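Undergrad: this one's sequence-less:
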């Protein structure tokens, strides 16, 4: 990666503050995400009337009741991806998410169409939102 592209990549990473997905039921969302986010090294950092959020310090991921009062629905083609350190962490994320009632959308495996070391798993939460854990760790 060129120095300019590397600088732009670092700048973009610092621009993204948080991601919010919709939920129809905050209690159910919290019950699903508390153990799943713990596997990713995050804890609940936000618990208010219309949202629960997770992070390691500040909230970087949250589930919100829609502010317009309409029903929450998952976006077509939208998903949140969380980078982890190891393939074992991807496996643990998948295992815990499925145990919490998530639906498998792609078991842990290599995704060489993205990168030779792209190892990821995809899950749908109880609201139908798609989440992913991934790593570029070799082996």
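TA: All right, it came through fine. Remember, it's a predicted structure, so these values are computed and weren't measured experimentally. Residues are numbered from 1 along each chain as shown.

Undergrad: pLDDT below threshold where in this structure?
TA: Along the chain, segments meeting pLDDT under 70 span 1-14.

Undergrad: tell me where it has strands.
TA: Ranges of strands within the chain are 19-22, 43-48, 51-55, 61-64, 79-83, 103-110, 119-124, 130-135, based on DSSP state E.

Undergrad: nearest approach to residue 29 belongs to which of those?
TA: Nearest of the strands of the chain to residue 29, taken as CB to CB: strand 61-64 at 4.2 Å. (Glycine included, C-beta is placed from N, CA and C.)

Undergrad: mind listing the strands that closest one pairs with, and their directions?
TA: Strand 61-64 has these partner strands in its sheet, going by DSSP bridges: strand 19-22 (parallel), strand 51-55 (antiparallel).

Undergrad: may I see the strands of the chain arranged in TSV, with mean neighbour count and distance to residue 33 as well?
TA: Formatted as TSV, these follow (neighbours: other CB atoms under 10 Å; distance: least, CB to CB, whole Å):
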stretch	mean neighbour count	distance to residue 33
strand 19-22	18	10
strand 43-48	14	8
strand 51-55	21	6
strand 61-64	22	7
strand 79-83	16	11
strand 103-110	14	15
strand 119-124	22	11
strand 130-135	22	9
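
Undergrad: can you put these in CSV and add distance to residue 34?
TA: Below are the strands of the chain laid out as CSV (distance: least, CB to CB, whole Å):
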stretch, distance to residue 34
strand 19-22, 15
strand 43-48, 6
strand 51-55, 8
strand 61-64, 11
strand 79-83, 15
strand 103-110, 18
strand 119-124, 15
strand 130-135, 14
